[in-house]
Structures are given as structure tokens and as C-alpha cells.
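Novice: got a predicted structure plus its sequence, pasted below:
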Amino acid sequence: MPPKRRDPEAVAAAVASVLDGTAGRAELALAVRGLAERLAEQVPGAHVEVRVPPFSAVQCVQGPRHTRGTPPNVVEVQPQAWVELCTGRLAWADAARDGRVTTWGDRADLSPYLPLRS
């Protein structure tokens, strides 16, 4: 059975509170997890693992699937940066340049998929 999808209105409210600087840990977690789920829905696959510690990890992007150990393509993003990337408030190149995004692998560039579609 597929996991239950988070309430889109609750996620939107959490995203808004993150962006305006009023979010607590629970709101940040909800925003990160909801946006990660949306990425996995919009860009299905298992070729890239996106990690937003300590809140979320999802797989996305079509391509060969990994089944054991560390995936060949990994994106690790700081939580605040993840929300900003998904909403278009932060450019991928800027986040990568200043260390808020770290990537491993030749297909670990999510810039074609961000910001997320509503």
C-alpha cells in the first residue's frame, strides 16, 4: 500500500512559515517532507537519492535503480535550502556554490526539476 500523502494545505502553510522565518522544527519537518514527496511524484524513479537530513530521503529520476548500499547519485540538502530551492527562492547553482547542496554522481543535478510545479 502506498504511503498516505501529507495534507497539501498543511504542507503549504508549513512552507509559508519556513519562508517567513516563523517555523518551528515541526513545521520545518512537514515542509521538507511534503516537498520531497512532491518531487518524488513529479520526477518518479530511483536513480537519484535526495537526502534532507534529518527529515527526509526520497528517490527520484528515471534511470538504473540501485538496490544495496550507497546509491551512485546522491543529493544532500540543508532543510531551509530545500524549501527555498523547491519554491524558487534559491537557485541550484547558488546553493551548490555555497555548500547548502552537496552532490555525488553524474546525474545528481536536480536543477531541471526545481522549482517544483504546484
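Specialist: Cool, the structure landed.
Novice: which residues of this protein score low on pLDDT?
Specialist: For the chain, residues meeting the criterion pLDDT under 70 lie at 1-4, 66.
Novice: where exactly do the strands run in it?
Specialist: All strands of the chain, identified by DSSP state E, fall at 48-52, 56-60, 74-77, 101-104.
Novice: who touches stretch 30-42?
Specialist: 5-6, 8, 10-11, 14-15, 17-18, 23, 50, 52, 55-60, 79, 82-83, 86, 110, 113, 116-117 (Cβ atoms under 8 Å, 6 or more residues apart in numbering). In this view, the C-beta of every residue, glycine as well, is placed from N, C-alpha and C.
Novice: just the helices in the chain please.
Specialist: Ranges of helices in the chain, per DSSP state H, are 8-19, 25-42, 79-87, 92-97.
Novice: buried stuff in the first one?
Specialist: Of the residues in helix 8-19, those buried under the neighbour-count criterion (16 or more other Cβ atoms under 10 Å) are 11, 14-15, 17-18.
Novice: give me the distance from stretch 68-77 to the chain's centre.
Specialist: The gap between where stretch 68-77 is centred and where its chain is centred comes out at 13 Å by Cα atoms, centre = their mean, to the nearest Å.
Novice: should've said stretch 5-16
Specialist: Relative to the centre of its chain, stretch 5-16 is centred 14 Å away, using Cα atoms, centre = their mean.
Novice: now do stretch 53-70
Specialist: With Cα atoms, centre = their mean, you get 11 Å for stretch 53-70.
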